[in-house]
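> could you work out the structure for the sequence below:
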Amino acid sequence: MEGDLSNCHTHPSFFSSETGVYSSKHPPRALPQDPLQDLVSFLFSHEHLGTTALVDSSSGSSISYQELKSMVASTASGLRNAGVSANEVVLLLLPTTILYPVLFLGVLHAGAVATTMNPLSSTEEIMKSVGACNPVVAFTSPDRVENINGLGIRAIAVPDALDFDSTEFSPFASVLSGGDGGELPRPEIRQTDTACILYSSGTSGLMKGVVLSHANMIAAAELFVRFEALQYTAETWKNVYLAALPMFHVYGLVLFAVGLLSLGSTVVVMRRFNAEEAARAIERFEVTHFPLVPPVLGALVRARSATGCEMRSLKQVSSGAAPLSNKVVQDFLQAFPRVDFIQGYGMTESTAVGTRGFNTEKLKKHNSVGLLAPNMQAKVVDCYTGACLPPGKSGELWLRGPGIMKGYLNDEKATSSTIDKNGWLRTADIAYFDEDGYLYVLDRLKDIIKYKGYQIAPADLEAVLISHPEIIDAGVTSGEDEEDGEIPVAFVVRKPGSEFSADEVMKYVSKKVAPYKKVRRVVFVQSIPKSPTGKIMRRLLRGNHAISRM
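Numbers count the residues shown, from 1 in each chain. Sure, this is the predicted structure:
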């Protein structure tokens, strides 16, 4: 499962010393020029021999490609008949399911805008997001319907399998079948129109809505998903992917609900991830590709021993969304020596387009996040002087290309501080390119915590902590954890004489945030180190010897 990039070394011009710009070593890919090309029409315009599109890993129930196209069209019609107009927002507050791609693509095909959220989000978190984008309809699990209706949004319950018999799901069945009205004309959709709003912590601070256009999503499908798959084989419909990544996250969304569905590949969807069940699913469905996040990689190695599943069908495993330690990589390579292992780099703000690993017979760089995607450019900028740096020198990574977002929702200041006037996205990640054009990410300027691939903004947790009457001040940063990568660690200044315990702090926070955002360790301190401007100096917190289990 290794490609051929034999001409790479004869073209050392991927870096221009005059401009300081790194260019992709891959040939450019053609992107649609028609301004009226929308994402869904683009996906379904590609011919392939694929038959089964989506499979539920637990029940084995499936959706064929013929059914998928029909279901997307009827869902779009159902939404229009339900009164959803062009450019109105539809919220997907759902766990991973084989119906997720149907709904996401159906919303876009109707000319509406999809916004996705973690289904474990607290009511407070949902209120913040919906207040910014004003969704008119929400698709959610039955247990959240009353909650969402209470926010003034029409909630439609979605089953977790292909079972709509219950009256509870009749509104959903009505939308899926095209609704009660006649066939309304589809609105004109331009590439520049907004396709979706995803949430990211950006380069710093609180969560922001990332506005992505149809052109951004088409670029992600072509430059990330389609390009990578077609490097290895033209018979992409023979590939079987295991979808254990959440589809509300840009990584899972672009792969499983978008790009792969243009290639005829089969996507086997896990509703809830369990390492041993994943190993059995790989064997049962003869999975060839498994995109994952770092904690899953180690779990897969352990599951191989626990289940006895050899997983011989696996051809490639790819990791993204968070840093990965060398030890975990080496353990995986030892357990799965025949599997092509790569890492990748992307952001919500770049529609997941950035770099992808690429191994050849002579060149295997498993600790690198790979080569720049086609049509993408990069700079490595000295954080102090602003100078562009050559290969081997580390600085802040800047990206430019067709995947870069339209901007942050209703936040021109944050947008202009992240994307400059020439279209360069400041990633706030410290990185360097080597002499072969492979990128290595070292650290982050930003303070975002990556827990199991999820982004956690320290500022969100700090706001919750200082809302407690026993807490005077608080700072949150990341602590290293062998299993989860990074975990949120809270440094807390209590009121004098307070006996508020670490367990009580963690319980208080857990009631107000999604489970993945919970504080995992608490350190009590006399004060929080801050800069003259009042910014918490998290690097000093992170270096505090007190980051140990309390």
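> so who does H249 touch?
T116, L198, A321, G453, Y454 (C-beta atoms under 8 Å, 6 or more residues apart in numbering). For the C-beta atoms, the positions are set from N, CA and C on the backbone; glycine is no exception.
> correction: V84
V90, A110, A112, V136, V137.
> those residues in helices, which ones?
Using DSSP state H, no member of the contacts of V84 falls in helices.
> and those residues, which two are furthest apart?
A110 and V136 (11.6 Å; C-beta to C-beta).
> show me where pLDDT drops low in the protein?
Applying pLDDT under 70 to the chain picks out residues 1-12, 181-182, 201-206, 446, 531-535, 544-550.
> for it, which helix is longest?
Longest helix in the chain, counting by DSSP H: helix 65-81.
> report all helices and strands that it contacts.
Here helix 65-81 touches helix 39-44, strand 52-56, helix 100-109, helix 170-176, going by 3 or more C-beta pairs under 8 Å, 6 or more residues apart in numbering; DSSP states H and E.
> tell me how far that helix lies from the chain's centre.
Between the centre of helix 65-81 and the centre of its chain there are 25 Å (C-alpha atoms, centre = their mean, to the nearest Å).
> ok, now stretch 259-273?
Using C-alpha atoms, centre = their mean, the offset of stretch 259-273 from its chain centre is 15 Å.
> can you show me the CA trace of that stretch as CSV?
Extracted in CSV, the C-alpha atoms of stretch 259-273 (Å, rounded to 0.1, in the frame of the first residue of the first chain):
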residue,chain,number,x,y,z
GLY,A,259,-15.1,12.6,0.1
LEU,A,260,-15.2,8.8,0.2
LEU,A,261,-18.8,8.8,-1.1
SER,A,262,-17.5,10.2,-4.4
LEU,A,263,-15.1,7.2,-4.8
GLY,A,264,-17.5,4.3,-4.3
SER,A,265,-15.7,3.1,-1.2
THR,A,266,-17.7,1.4,1.6
VAL,A,267,-17.9,3.1,4.9
VAL,A,268,-18.5,0.9,7.9
VAL,A,269,-19.9,3.1,10.7
MET,A,270,-19.4,2.4,14.4
ARG,A,271,-22.1,4.1,16.5
ARG,A,272,-19.8,4.0,19.6
PHE,A,273,-16.1,3.2,19.6
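> for that stretch, list every residue counted as buried.
Using 16 or more other C-beta atoms under 10 Å as the burial criterion, the residues of stretch 259-273 that qualify are 259-271, 273.
> counting only strands, which of those make the cut?
T266, V267, V268, V269 (DSSP state E).
> quick revisit: okay, A110 and V136: which has more neighbours?
A110 (29 against 17; other C-beta atoms under 10 Å).
> show me the contacts for the more buried one.
T75, A76, S77, L79, R80, V84, A86, R186, P187.
> please redo it, this time with the cut-off set to 7 Å
Listed by C-beta atoms under 7 Å, 6 or more residues apart in numbering, the contact partners of A110 are A76, L79, R80, V84.
> I figured A112 hits E88, correct?
Yes. Using C-beta atoms under 7 Å, A112 makes contact with E88 at a distance of 5.3 Å.
> now the buried residues of stretch 259-273 as a markdown table including distance to A132?
Converted to a markdown table, the buried residues of stretch 259-273 look like this (distance: C-beta to C-beta, whole Å):
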| residue | distance to A132 |
| --- | --- |
| G259 | 27 |
| L260 | 30 |
| L261 | 29 |
| S262 | 31 |
| L263 | 34 |
| G264 | 37 |
| S265 | 34 |
| T266 | 36 |
| V267 | 31 |
| V268 | 34 |
| V269 | 29 |
| M270 | 31 |
| R271 | 29 |
| F273 | 29 |
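> which one of the residues you listed is nearest K379?
Closest to K379, out of all of the buried residues of stretch 259-273 and judged by C-beta to C-beta, is G259, at 26.4 Å.
> quick revisit: tell me which of A112 and E88 has more neighbours.
Using other C-beta under 10 Å as the criterion, A112 and E88 rank with A112 on top: 26 against 18.
> pull the distance from the helix or strand hosting A279 to the chain's centre.
Per DSSP states H and E, A279 falls inside helix 275-284. For helix 275-284, the distance from its own C-alpha centre to the chain's C-alpha centre is 23 Å (C-alpha atoms, centre = their mean).
> returning to what we had before: quick one: which of the helices and strands packed on helix 65-81 is nearest G152?
Going by C-beta to C-beta, the one of the helices and strands packed on helix 65-81 nearest G152 is helix 170-176, 17.0 Å.
> other residues contacting the following helix or strand past the closest one?
Downstream of helix 170-176, the next assigned helix or strand under DSSP H and E is strand 194-200. The set of residues external to strand 194-200 that reach it, using C-beta under 7 Å, 6+ apart, is 39, 89, 108, 113-117, 129, 133, 207-214, 217, 250, 348-349, 406, 409, 455.
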